[in-house]
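Engineer: Output the structure for:
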Amino acid sequence: MARFAYLDGKKGGRKQAKLRKATPEPDGRRKGETEERVEAIYVRKETVRAVWREVKGDGDPAESVSELVEDLLLAWLRDRA
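Structural biologist: Sure thing, here's the model as predicted:
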């Protein structure tokens, strides 16, 4: 195809490669996914920022927001049992 041949409305030139679609496995899982499903949760931005400031302000490098959330959820589960 010449440099500006597409402006003349002529067909031709390079063929575009077809992309493979990422279809899930027959059991509904995608490649690399485990049996346990992960669900996204939504928390207000202001809440996350306030918690992040508190965790960062404590100066304990071993604790992260993710660990704090996990600890709180596990404690909640224990209370319900």
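
Engineer: E63 sits in which helix or strand?
Structural biologist: E63 is part of no helix or strand, with elements assigned from DSSP states H and E.

Engineer: Thought E54 was touching it, still the case?
Structural biologist: No: checked against CB atoms under 8 Å, the pair E63 and E54 is beyond contact range at 10.2 Å. Every C-beta, even on glycine, is put in place using the N, C-alpha and C of the backbone.

Engineer: For the longest helix seen in the chain, which helices and strands make contact with it?
Structural biologist: Ranked by number of residues, the top helix in the chain under DSSP state H is helix 65-80. In terms of contacts (3 or more CB pairs under 8 Å, 6 or more residues apart in numbering; DSSP states H and E), helix 65-80 is packed against helix 45-58.

Engineer: quick one, the helix it packs on and helix 65-80 angle?
Structural biologist: Calculated by axes from the mean of the first three to the mean of the last three CA atoms, to 10 degrees, helix 45-58 forms an angle of 100 degrees with helix 65-80.

Engineer: confidence score at A5?
Structural biologist: Confidence at A5, expressed as pLDDT, is 71.

Engineer: Can you get me a residue count around it?
Structural biologist: Per other CB atoms under 10 Å, the neighbour tally for A5 reads 12.

Engineer: just to revisit the earlier point, CA atoms only for the longest helix of the chain - export them in CSV, please.
Structural biologist: Taking Å, rounded to 0.1, in the frame of the first residue of the first chain, the C-alpha atoms of helix 65-80 are listed here in CSV:
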residue,chain,number,x,y,z
VAL,A,65,-3.8,-1.6,55.8
SER,A,66,-4.4,-5.0,54.2
GLU,A,67,-3.2,-6.8,57.3
LEU,A,68,-5.4,-4.6,59.4
VAL,A,69,-8.5,-5.3,57.3
GLU,A,70,-7.8,-9.0,57.5
ASP,A,71,-7.3,-9.0,61.3
LEU,A,72,-10.6,-7.0,61.7
LEU,A,73,-12.5,-9.4,59.5
LEU,A,74,-11.2,-12.5,61.2
ALA,A,75,-12.0,-11.0,64.6
TRP,A,76,-15.5,-10.3,63.4
LEU,A,77,-15.9,-13.9,62.2
ARG,A,78,-14.7,-15.3,65.5
ASP,A,79,-17.2,-13.1,67.4
ARG,A,80,-20.0,-14.5,65.2
